[in-house]
Each structure stands twice: as C-alpha cells, then as structure tokens.
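*Asks:* Here is the input, now give the coordinates:
(chains A, B, C and D)
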There are 2 protein chains.
Amino acid sequence: MAVDRERVLKDAAALLTRKSTASMDDIARAAGISRATLHRHFAGRDALIRALEELGIKDSARALDAARLEEGGADAALRRLIGELEPVAGVLAFLYTENQLFEGEEINEGWLGLDARIHALFRRGQEEGTFRIDLTPAWLTEALYGLICAGAWSVHEGRLARADRNHSIAELLLGGVRRESTR
Amino acid sequence: MAVDRERVLKDAAALLTRKSTASMDDIARAAGISRATLHRHFAGRDALIRALEELGIKDSARALDAARLEEGGADAALRRLIGELEPVAGVLAFLYTENQLFEGEEINEGWLGLDARIHALFRRGQEEGTFRIDLTPAWLTEALYGLICAGAWSVHEGRLARADRNHSIAELLLGGVRRESTR
DNA sequence: AGTCGATGAGACATTGGTGTCTCATTCACG
DNA sequence: CGTGAATGAGACACCAATGTCTCATCGACT
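*Replies:* Below is the predicted model:
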C-alpha cells in the first residue's frame, strides 16, 4: 500500500512538465492515487510544488556532482553538465517558469547553491583562459538555464530531435552560431 | 472617454509580464479602467490573451522589419534583430511561457510567419558561410527565443544590467562562451 | 438644455479548483 | 483469523475568479 512519495512526485513532475496548470485531481490521477491520498501526503498544491522544487534541486545537485565540474577543462565540464542535466531538464523548465510567478515570496535557497556552483564553473573557465571574460558568470548561468529550457520545449514539441539535444545546446553555448573559420 | 484598446493592452502586457497570474480585476486596475469596461472590450480572459498575442506578433513583426534581416551580413542582421526585439522581449517572454500551456489548442499562425523569417535569416547565414551548419535553423530560432526570455527575466530580476542586455545576448548567441583565441 | 454613448460601481450567479471530512474497503502483519 | 493502518470514493463547504447584468454618472455633441 504505502504510497511512494518519491514516485508520486516523479509522476507529478512528468504531468506538470507537459501541462503546468494541471489540477490536484489531474495530478492524483496521473500518479494513480486518489485525490484524498494526494492531500494526505502533501498539504496542498503549494506544498506539492515546493516538494517538487526540492526534488528538482536534489536531482540537479546530483547532476552537478556527476558532471564533476572541477575536473578537466571547463568546456568539457560544461558539456558533461549539459548531458547530466538532460533527465532533469523537463522539471527544470517547469520550475524555472513557475518561479517567475512566485513574485514576492522568497525563493528556495537551494537554487542559490546550484547557481553558485555553475557560476564557479564559468569563472574557472574564464580564469583558465578558456572562456571569454566580457560575459558575466551570472549571465552565462542564466543563458545556460534558458537554453536548457528551450531545448526541453523544443524536444517536447518535436522541433528538435532528442538525440541532437546535447550537441545542440553544448555547441551553441560553447561556440555560438558563427562558423569557426570566420572569426 | 472611449477607452484606447491599444493602451489597455500595453498596460495589461506590462502587468502580466511581471505577474503572469494577474486577475482580470488586477488588469483592469492596472489599465485604470473598471472590470466591466475591460469585459466590454475583451470578451474574456482568453480573448484578452489572444489580443495580447496579436499585439506581440504585430510588434515583433515590426521589429523584424526594422532589423532589415535581408540586408548586410547575417551576423549584423542578427544583432539588429536582438536590438529591435528588446522593447518586445517582456511580452515575448510572457507569451512564450503562456503558449506552453495552450496544450491542445492551435497556436496563432502569426508565430509561424515570424519563425519562418528568422529561420530564413539563419539559413542565409549558413548559405553565406557565416553561420555553422551543424545546428538547424529551427534550433537556432528556439535558442534565440530562449536567450531573449533569459535576458528579459535576468534584467527583470536585476541579475543583468539593462545596458548589457543586447551585448550579452548577441555575443553569446554569435560567438558562444569559448574565447576566440582558443578555437 | 437635451440626448446618446460609454463608463464606473457594484450586485449576482456560476464555475472550477481546493481542502476537509466520512465511511467502506483492502492489505499487511501479528 | 482478527486488527489496524492506509487507501479510494465521494460528499461537502469554501473560495477566488469569471462573466453578466443593472443603474447611476459623466462627457461630448447637437
């Protein structure tokens, strides 16, 4: 019996990624449980979103760990990061836009930790001379998020082949649109 | 008396850009009119969003015109485009995420026209040898949207100086993160 | 001044989602 | 075979937002 809380969150994430306005009823049905049970495990929609946020942060942190951001060249580390973030990209895209509308409320400080680690990666690349220094780590981090969201949506809508996702994001972010020979 | 429909839409856009869940009441108040009048001009919230979409498309089309995408080098045209899109970026970001949740419904075909013109720009750059050919125009277009949204949000949240916005987006999109000398 | 169209204020019913509760059922475990 | 905890189904009140309506008011134009 005992509902698997983690499992419910995964199902909720999968649904909300596709339809961000899904009701508690929709979510319960998607998770294969009753609305009553869903409410027994999560005080309300807010609590559910927060829990989802926690899960997203935890998974992202795991992805950052797996990408070993401090090892090797910064560009290779960035490629690894993009690859490792792929399974989380959908939830990330959902939470990214969801955060836009938590207007006044304080954001989960877990994000700050992730941001800091990604900032550090870009800064390292700049210090090592691999990355350009006229773009701030903060902007590069935001751009990474933006491209990850764009990638997730593009794949979701069939405008980008899933197999091309990693290459497309990494290459654009690292090398830009311009052809190498033309610089 | 006669309410300026365009003006109301502008106010609505300004508000919804900041708080995408604003109610009709909020919107009416932001526009300085009564909720009744708002309803007299727009059948409902949906109709309002659609009208906003039309406005966004129209403004974007104007921006594309002003950017003269067919003139000069493709890279210079892309820079112009990013600059011209700046005033629309907020609304664009709002509509971009809003479109995600128009799940089944047909999207406004106006977007297709804009997409086509931007695709053409990227394709021209590829044909002229300025742009790399291992990234599809479709993905480049999505990436442009993603970066414009990221830029709008970053500026809105104070993580990116407004003055740096154009440079940050254009340089990242064109040149990527890697330093030129390292390629 | 008189008229007409548009507006503001507010009442009202409706709707969709939420949160709480009850009760019967089911399953695991002793 | 009981027993108890967890679940499913559904009823219920509640709330916020929506959409509609009425009526008084205001302003422009004649």
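
*Asks:* Report how many residues lie close to residue A:160.
*Replies:* Taking other CB atoms under 10 Å in any protein chain shown as the neighbour definition, residue A:160 ends up with a count of 22. Quick note: C-beta positions are derived from backbone N, CA and C, even for glycine.

*Asks:* Can I take it that it is in a helix?
*Replies:* No. If the criterion is DSSP: H, G, I helix; E, B strand; the rest coil, then residue A:160 is coil and not within a helix.

*Asks:* what helix or strand does the nearest residue to it once chain neighbours are set aside sit in?
*Replies:* Among residues not flanking residue A:160 along the chain, residue A:154 sits closest, at 3.7 Å (CB to CB, 6 or more residues apart in numbering or on different chains). Using DSSP states H and E, residue A:154 sits within helix A:137-156.

*Asks:* That helix: how far from the chain's middle?
*Replies:* In terms of CA atoms, centre = their mean, to the nearest Å, the centre of helix A:137-156 is found 8 Å from the chain centre.

*Asks:* that older thread, so what's the residue nearest to residue A:160 up against?
*Replies:* If you count contacts by CB atoms under 8 Å, 6 or more residues apart in numbering or on different chains, residue A:154 has them with A:160, A:165, B:138-139, B:142.

*Asks:* Let me have these in CSV, adding distance to residue B:82 as columns.
*Replies:* Shown next, in CSV, are the contacts of residue A:154 (distance: CB to CB, whole Å):
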residue, distance to residue B:82
A:160, 21
A:165, 24
B:138, 18
B:139, 17
B:142, 15
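
*Asks:* Would you check which pair of the residues you listed lies furthest apart?
*Replies:* A:165 and B:138 (12.8 Å; CB to CB).

*Asks:* More neighbours: which of the two?
*Replies:* Neighbours around residue A:165 and residue B:138, counted as other CB under 10 Å, are more numerous at residue A:165. The numbers are 20 against 16.

*Asks:* lowest-pLDDT helix or strand in chain A?
*Replies:* Between all helices and strands in chain A, the lowest mean by mean pLDDT, DSSP states H and E belongs to helix A:89-100, at a mean of 90.

*Asks:* quick one: contacts of the helix of greatest length in chain A?
*Replies:* Using DSSP state H, we find that the single longest helix of chain A is helix A:45-67. Residues lying outside helix A:45-67 but in contact with it, judged by CB under 8 Å, 6+ apart, are A:6, A:9-10, A:12-13, A:16, A:24, A:27, A:38, A:42, A:77, A:80-81, A:83-85, A:87-88, A:91-92, A:94-95, A:98, A:108, A:110-111, A:113-114, A:117-118.

*Asks:* Of the residues you listed, which count as buried by neighbour count?
*Replies:* When neighbours are counted using 16 or more other CB atoms under 10 Å in any protein chain shown, the contacts of helix A:45-67 contain these buried positions: A:9-10, A:12-13, A:16, A:27, A:38, A:42, A:77, A:80-81, A:83-85, A:88, A:91-92, A:94-95, A:98, A:108, A:111, A:114, A:117-118.

*Asks:* quick one: which of those residues sit in helices?
*Replies:* Cross-referencing those with the helices (criterion: DSSP H) gives A:9-10, A:12-13, A:16, A:27, A:38, A:77, A:80-81, A:83-85, A:91-92, A:94-95, A:98, A:111, A:114, A:117-118 as the overlap.

*Asks:* that older thread, I'd like the next helix or strand past the helix holding residue A:154.
*Replies:* For helix A:137-156, the following helix or strand on the C-terminal side (DSSP H and E) is helix A:165-175.

*Asks:* Check whether that following helix comes into contact with chain B.
*Replies:* Yes. In this structure, helix A:165-175 sits against chain B according to CB under 8 Å from any CB of the partner chain; the contacting residues are A:167-168, A:171-175.

*Asks:* Give me the pLDDT for residue A:1.
*Replies:* The model reports residue A:1 with a pLDDT of 58.

*Asks:* Kindly apply the preceding question to residue A:183 instead.
*Replies:* The model reports residue A:183 with a pLDDT of 50.

*Asks:* Do I have it right that residue A:13 meets residue A:93?
*Replies:* No. In this structure, residue A:13 is not within contact of residue A:93 by CB atoms under 8 Å, at 10.7 Å.

*Asks:* Residue A:92 and residue B:55: what is the separation?
*Replies:* From residue A:92 across to residue B:55, the span is 30 Å (CB to CB, to the nearest Å).

*Asks:* Could you check which residue of chain A lies nearest DNA strand C?
*Replies:* When CB to the nearest atom of the strand is the measure, chain A has its nearest residue to DNA strand C at residue A:44, with 2.7 Å between them.

*Asks:* Phi, psi for that residue please.
*Replies:* Geometry field for residue A:44 lists phi and psi as phi -170, psi -180, criterion degrees, to the nearest 10.

*Asks:* gap between it and residue A:19?
*Replies:* Plainly put, residue A:44 is 19 Å away from residue A:19 if you go by CB to CB.

*Asks:* more neighbours, those two?
*Replies:* Set residue A:44 next to residue A:19 and count neighbours by other CB under 10 Å: residue A:19 wins out with 16 against 11.

*Asks:* now that one: how far from residue A:148?
*Replies:* Taking CB to CB, one finds residue A:19 at 20 Å from residue A:148.

*Asks:* Contact residues of chain A facing DNA strand C?
*Replies:* If contacts are counted using CB under 7 Å from any atom of the strand, the residues of chain A sitting beside DNA strand C are A:1, A:23-25, A:35-36, A:39, A:43-46.
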